[in-house]
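Peer 1: Quick one: sequence and predicted model below, then my questions.
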Amino acid sequence: MLYDFNASVGDSISLCETCNVVVSSIDSVFIDGNYRKRFNISGLQPYSVIEGIGSTFGILEPTCHFEYSGELTCHSQNGHTIYPDSSVQCSIITNSGSSVQKEQQISLYPNPFSESTNLEITLSDPFWRWEIFDSFGRLTQSISGTSGTKTKIKRDGISSGIYFFRITSDSNKQFHGKLTVE
């Protein structure tokens, strides 16, 4: 279980083996027509856990990190942004989706790759943009103004791991997928 939504003020919460914090206050926030509990944590300000959404530092944060930090910028449910409010566009890639397989307009090989991967794309738009995001939603690589049907994507210092990619055409058609760097 990631979060205990039955905690009370003064209760200790263990975030990792060496990191215990205390619930300093509990209030509520109005999200998508309902009030949800918000647990404010002492010592990690401003840090809260919102019932049904999670940590304001991101889904698994803080986890006693060193030289890293995250932040929850938005949360959507059923394709509708509910946090911080509906006026924010929540377009962060959170899964690989299935549009790549269904559309058959994109081929990425090899995947996983070590040095480079080949991207074949058949779009009616002459230009498109390629972006790679790490598992925390941070942009790792971006190539803009790309054209043509075949492109070699180089590793360019990206660490080994699982990443998400997004391809956006000039007409804002988007394709998402997952790739692995060895």
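Peer 2: The structure has been received and is ready for your questions.

Peer 1: I'd say I121 and Q105 touch.
Peer 2: Yes. Using CB atoms under 8 Å, I121 is in contact with Q105, at 6.4 Å. Heads up, the C-betas are built off the backbone N, CA and C, glycines and all.

Peer 1: what about the two, which has more around it?
Peer 2: Shown here are I121 and Q105; by other CB atoms under 10 Å, I121 has more neighbours (20 against 16).

Peer 1: and the gap between the closest residue to that one other than its chain neighbours and T56?
Peer 2: Counting by CB to CB, 6 or more residues apart in numbering, I121 lies nearest to I106, which is 5.3 Å off, once chain neighbours are set aside. Distance from I106 to T56, counting by CB to CB, to the nearest Å: 34 Å.

Peer 1: which SS class is the one residue sitting closest to the centre of the chain?
Peer 2: Computing the C-alpha centroid of the chain and ranking residues by CA atoms, centre = their mean puts G137 first, at 3.4 Å. Using DSSP: H, G, I helix; E, B strand; the rest coil, the structure places G137 in coil.

Peer 1: Run through the residues that contact I82.
Peer 2: By CB atoms under 8 Å, 6 or more residues apart in numbering, I82 lies in contact with I31, D32, I53, H75, S76.

Peer 1: Can you report how many residues neighbour the third one?
Peer 2: Using other CB under 10 Å as the criterion, I53 is surrounded by 20 other residues.

Peer 1: now the strands for the protein?
Peer 2: Counting by DSSP state E, one finds strands in the chain at the ranges 12-16, 19-31, 34-41, 48-50, 54-55, 75-77, 80-83, 106-109, 116-121, 127-133, 139-147, 150-154, 161-169, 174-181.

Peer 1: how far off strand 34-41 does the second one point, in degrees?
Peer 2: Orientation note: strand 19-31 sits at an angle of 160 degrees relative to strand 34-41 (axes from the mean of the first three to the mean of the last three CA atoms, to 10 degrees).

Peer 1: Show me what strand 19-31 is packed against.
Peer 2: strand 12-16, strand 34-41 (3 or more CB pairs under 8 Å, 6 or more residues apart in numbering; DSSP states H and E).

Peer 1: Between those strands, which one is closest to F5.
Peer 2: Nearest to F5, of all the helices and strands packed on strand 19-31, is strand 34-41, at 6.2 Å by CB to CB.
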